[in-house]
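Engineer: Fold the following and give me the result.
(one chain, ligands or ions: 1)
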Amino acid sequence: MRTAIVTGASSGIGAATARALAGDGWRVVLGARRVDRLEELAAEIGGEARHLDVTDPESVVEFCAAVGECNLLVNNAGGAHGVEPVEASVEDKWRLMFESNAMGTMRMTKELLPKLRSSGDGHVITTTSIAGFETYRGGAGYTAAKHAQRAIVQTLRLELLGEPIRITEIAPGLVETEFSVVRLGGDEAAADAVYRGMTPLRAPEVAECIRWAASQPSHVNIDEIVIRPRDQARATEVARREGRQS
Ligand code: NAP
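Structural biologist: Numbers count the residues shown, from 1 in each chain. Sure, this is the predicted structure:
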């Protein structure tokens, strides 16, 4: 049975991806900091739950040593913290965004590349974002981290050319998960307002892109998929209809 490792599997896109991959017959190893949630999901889908903090190099090394083989790595852990303009940047929030999105992707990929290579048919799928190629007011810390993450993915595709390892980027627009609650420091009302009057994507819709990319024949590399809600044309161009429940 082929093994998929999904980071950030305790919530949102990562949890939906673990479900989708398990449904496709993958052995799935779930990583995140909230192990109680991972264990619940692992019991439901027949996967394996393991503590992982991608901002901590030791945690990454320990996790990767314990997972056994690896055919597919889904670099999904990450997120945003804050909406301050550059002038009011909060260094700790920026550090966390770079550490989880960009450095985390580097650490996990670096550590698992030997296993992906020796599998003979490896695949790295990374959840970036439209923030990887767009910018918006108040978003510099997140967009800078996602631009960096996208650059890592694109560089990997060059560096691994000729090896049996595929490199895929999934870049979603607005998806209703815990993303905005985390970004806005737990303010649920402010997080709800992000999706007010429009219909955002749901996590399973992004997970389906990941599942599909992973299900292609070995010689087919899906470079990138950009997926947005119909109600979104750019990061800040969103069609909102008052009174509409999404
Ligand atoms: P979410 O519901 O908040 O899930 C984020 C996941 O990342 C959680 O499982 C969280 O687990 C994990 N995580 C965060 N920091 C971590 C760390 N240091 N170590 C290990 N795991 C960590 O948000 P989501 O929308 O599913 O986000 C998943 C990915 O999609 C992120 O990379 C995000 O940037 C990207 N994305 C989201 C959207 C959107 O609109 N929602 C759009 C584009 C891209 P623990 O807290 O349990 O560790």
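Engineer: When you work out contacts or count neighbours from here on, use the C-alpha atoms and nothing else.
Structural biologist: Noted.
Engineer: Low-confidence ranges, the chain, go.
Structural biologist: Within the chain, the ranges that satisfy pLDDT under 70 run 243-246.
Engineer: The longest strand seen in it: what's the following helix or strand?
Structural biologist: Longest strand of the chain, by residue count under DSSP state E: strand 165-172. Remark: after strand 165-172, the chain's next helix or strand is strand 175-176, criterion DSSP states H and E.
Engineer: can you list contacts of the helix or strand following that next one?
Structural biologist: Per DSSP H and E, the first helix or strand lying C-terminal to strand 175-176 is helix 179-183. Here helix 179-183 makes contact (C-alpha atoms under 8 Å, 6 or more residues apart in numbering) with Gly12, Gly79, Ala80, His81, Gly82, Val83, Asp187, Glu188, Ala190, Ala191, Val194.
Engineer: So which bits of the protein are right by the ligand?
Structural biologist: 7-14, 32-34, 52-55, 76-79, 100, 127-129, 172-179 (C-alpha under 6 Å from any ligand atom).
Engineer: who's in contact with the residue most central in space within the chain?
Structural biologist: The residue lying closest to the centre of the chain (C-alpha atoms, centre = their mean) is Asn76, at 2.2 Å. By C-alpha under 8 Å, 6+ apart, the contact set of Asn76 is Val6, Thr7, Gly8, Ala9, Ile13, Gly14, Thr126, Thr127, Thr128.
Engineer: Kindly report the same for Arg34.
Structural biologist: Taking C-alpha under 8 Å, 6+ apart, we find Arg34 in contact with Ser10, His51.
Engineer: again, only this time at 7 Å
Structural biologist: Residues in contact with Arg34, defined by C-alpha atoms under 7 Å, 6 or more residues apart in numbering, are Ser10.
Engineer: From His147, how far off is it?
Structural biologist: Separation of Arg34 from His147 (C-alpha to C-alpha, to the nearest Å) stands at 27 Å.
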